[in-house]
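Engineer: Predicted structure and sequence below. I'll ask about it afterward.
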Amino acid sequence: MEPGGGESPYPLPSSDPGGGKIDRKIQLMRVATIVLAVATAWVLLEWLFFVTKPSFMSLYSAWQRLGVLSGTTLVLGCALLALTLPFALLGRGLSRLGLRGPLLSSVVFLPAIVLSALAMLVVVDNFTLTVLGWGVRDAQGPAVLAYRAVSLALLVVAARMIWGAWSGASRGVLRGVLWAWGLGLIAGLPLLLLEPSARAEYRLERESEGALPNIVILSGDGITAEHMSLYGYERATTPFMDRVRDEFLIAENHFTNASDTGGAIISLLTGKLPTTTRVVYPPDVLRGRDSYQHLPGLLKTLGYYNADISVRHYADPYDLNLRNGFAEANFRRLQESGGTLVSAVRRVPGLNSTSLLIDRMSERIAERVGHIWRGAQMSDPLVEVNRPGRRGVTDAMRMAEVRRFISEAPQPFFLHVHTLGTHGAWFRPSQRVFSTEADRDVAWSLAGYDDAILEFDRMVESTYQRLEQAGLLESTLLVISSDHGFMKKVTTRLPLLIRLPDRSITGMIGGNTQRLDLAPTLIDALGLPEQDWMEGASLLGVSDVPAADRPIIASGVSNGEKTIEGVFYSIKNPTAPWYSLGRVFLIHCDQGFVLKVETMKVTERRIKGSTAVCDVKLTREEAGERLKAHLRDRDYRWE
């Protein structure tokens, strides 16, 4: 009997091991202890998984990693307690109807039981993937049914474990666990203060009160200008762009700021160099203020509705931790993805790193549950980018989403699209004009590559025509570009075409331009002042465009540093001082230089087809000193 009379509503023994009656205070302590223990165990397992492999925490100090652990445990522990409360009240009511023992325990701790079972499923899947190279993502047919049986069995195991903890823990153990949890969090909370400032400040004073144009950026992967008839290539690989070239401002000598897609896309969207943001290659993600200080965030503040259509992990804005920028990305509404808790935590800048871990944890569970119980195939970015014949999301699907978005999105809108048909090493164009079926299995087939560029040209035409049909072409700023060159080359010219709504500025830009210039150019087109944190320059004042000898910096990884981590490539051992950075490039006029950071040696590469020729040439020694000075300015230390 409880003090005050009446039966205990919870499935507790009538007395503790010391012989005394168990009162409601102890009952609540037991509930809180078990729930917090479940949340802590889940967070600790996932934290250990990410901290011991290449992950977003690779760039963090030891204190920052502990801050992530502390913050995540606090958020998820409190969330699980709140979620358990209605089930505890339900259990109280059911106990009055005579429900006792493990069944009542299963009701009270249902959220904790489900979470424990799902966490164990992830652990099992990690083990089989590591040891056997096979897991949930590979399961089809009978194997899916087997995983369903395993999931149900894990629910039973979790329920038995929690019942055992419920019925067997002494009062001293309960108090000890609660005190340890509380003191650990209190000690860890100051670590959250190490989170860099994450508040973005934008200058939004427009020069005019005119309507804001829609903005569409359509990029292909790895398209080199020298393989486009628009830039003088002998094959007619870009017939549509050839026809409408007079409507565009075209850069003759345009370059990337990163050798890989993630770094190149973040450079475009932030207007910052990879050596500034430290986003070069997975597992790199934006951190601190860089997570919130970007073009999509500025446009969102102006009232734009933003969407991204690209590929998960390598280009996806939320995988790269670009916060408060996009409403949609890759066929999901980001406000809804991850559930209410994840969405709420994302909005708190001080929990930026914590929200990243919560994102990863919730996604790892959601993907496996979706595959096993809802028939939703787990994404495999390695297949997406490297197996054109087996891509789950195709460029045709991306273009269908582009057409849907243009038709349905509220205005003004910003749409960033990144297609993969031109990504090597194997090309699978829907139509073969320059290549034959024999080129299908030839790595880096130039004929197949040309056909892929021709198909990208059709995508440009499709987007142009969809805007025209919707009556939006003349109120849309359209940009055509690429992330990097063929075979991920940096010292090669890329396409850049900009169509302004009023076509007030057209023609050719002769000087060297870079991907960093796109964000400042769009800001200028909107009549906004320069943003101090952007490192590029607007291209709209053609007479003021930087000259051919303007230095352009780019970043890349070193060959042989990549490894497969789960479902995507990442850097094997991203450690200080370089982390993912393996090479730094300098483009000066028609010269290209590359510094390999491991040896600090510089090599020179000539830029094919460049019209930015200068009388004064740089020596390798001069280029090396400029590159080293740039690294020191960005707080890279190696001496």
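Structural biologist: Yep, it's here.

Engineer: Next, the buried residues of stretch 101-117.
Structural biologist: For stretch 101-117, a neighbour-count test (16 or more other C-beta atoms under 10 Å) marks 104-117 as buried. C-betas here are computed from N, CA, C, even on glycine.

Engineer: wait, stretch 424-444
Structural biologist: 424, 426-429, 432, 434-435, 439-440.

Engineer: Closest one to residue 236 out of the residues you listed, please.
Structural biologist: residue 434 (9.2 Å; C-beta to C-beta).

Engineer: Could you report the pLDDT at the closest one?
Structural biologist: On the pLDDT scale, residue 434 is placed at 97.

Engineer: Likewise for residue 51?
Structural biologist: The model's pLDDT for residue 51 equals 89.

Engineer: now it: how far from residue 43?
Structural biologist: Using C-beta to C-beta, to the nearest Å, one obtains 12 Å as the distance from residue 51 to residue 43.

Engineer: again with residue 452
Structural biologist: For residue 452, the distance to residue 43 - C-beta to C-beta - is 44 Å.

Engineer: Of these two, which one has the most company?
Structural biologist: residue 452 (32 against 24; other C-beta atoms under 10 Å).

Engineer: Tell me the helix or strand right after the helix or strand hosting that one.
Structural biologist: Taking DSSP states H and E as the definition, residue 452 sits inside helix 446-469. As assigned by DSSP H and E, the chain's next helix or strand after helix 446-469 is strand 476-482.

Engineer: In helices, which of the buried residues of stretch 101-117 appear?
Structural biologist: 104-108, 110-117 (DSSP state H).

Engineer: Report the rounded mean pLDDT for stretch 272-284.
Structural biologist: 94.

Engineer: mind checking the end-to-end distance for that stretch?
Structural biologist: 15 Å (C-alpha to C-alpha, to the nearest Å).

Engineer: And the buried residues of stretch 424-444, which two are furthest apart?
Structural biologist: So, the buried residues of stretch 424-444 by C-beta to C-beta: farthest apart are 424 and 432, at 16.3 Å.

Engineer: Looks to me like residue 68 is in a strand.
Structural biologist: No: counting by DSSP: H, G, I helix; E, B strand; the rest coil, residue 68 is not part of a strand but helix.

Engineer: For it, grab the count of nearby residues.
Structural biologist: 28.

Engineer: now swap in residue 638 and tell me
Structural biologist: 11.

Engineer: List the contacts of the residue lying closest to residue 246 once chain neighbours are set aside.
Structural biologist: Distances taken as C-beta to C-beta, 6 or more residues apart in numbering place residue 506 nearest to residue 246, at 6.3 Å, with adjacent residues excluded. Applying C-beta atoms under 8 Å, 6 or more residues apart in numbering, we find residue 506 in contact with 246-249.

Engineer: still on that earlier bit, any chance of the buried residues of stretch 101-117 in JSON lines with pLDDT as columns?
Structural biologist: Output for the buried residues of stretch 101-117, formatted as JSON lines (pLDDT from 0 to 100):
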{"residue": "104", "pLDDT": "86"}
{"residue": "105", "pLDDT": "86"}
{"residue": "106", "pLDDT": "90"}
{"residue": "107", "pLDDT": "90"}
{"residue": "108", "pLDDT": "89"}
{"residue": "109", "pLDDT": "92"}
{"residue": "110", "pLDDT": "94"}
{"residue": "111", "pLDDT": "94"}
{"residue": "112", "pLDDT": "93"}
{"residue": "113", "pLDDT": "94"}
{"residue": "114", "pLDDT": "95"}
{"residue": "115", "pLDDT": "93"}
{"residue": "116", "pLDDT": "93"}
{"residue": "117", "pLDDT": "94"}
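
Engineer: which one of the ones in helices among the buried residues of stretch 101-117 sits closest to residue 228?
Structural biologist: Of those, the one sitting nearest to residue 228 (C-beta to C-beta) turns out to be residue 115, at 52.5 Å.

Engineer: Do I have it right that the closest one meets residue 42?
Structural biologist: Yes: Residue 115 is in contact with residue 42 according to C-beta atoms under 8 Å; the separation is 6.2 Å.

Engineer: Could you tell me which residues touch both of those two?
Structural biologist: With C-beta under 8 Å, 6+ apart as the test, residue 115 and residue 42 reach no residue in common.

Engineer: After the lowest-mean-pLDDT helix or strand in the chain, which helix or strand is next?
Structural biologist: When each helix and strand of the chain is scored by mean pLDDT, DSSP states H and E, helix 381-386 comes last, with a mean of 60. Remark: after helix 381-386, the chain's next helix or strand is helix 395-408, criterion DSSP H and E.
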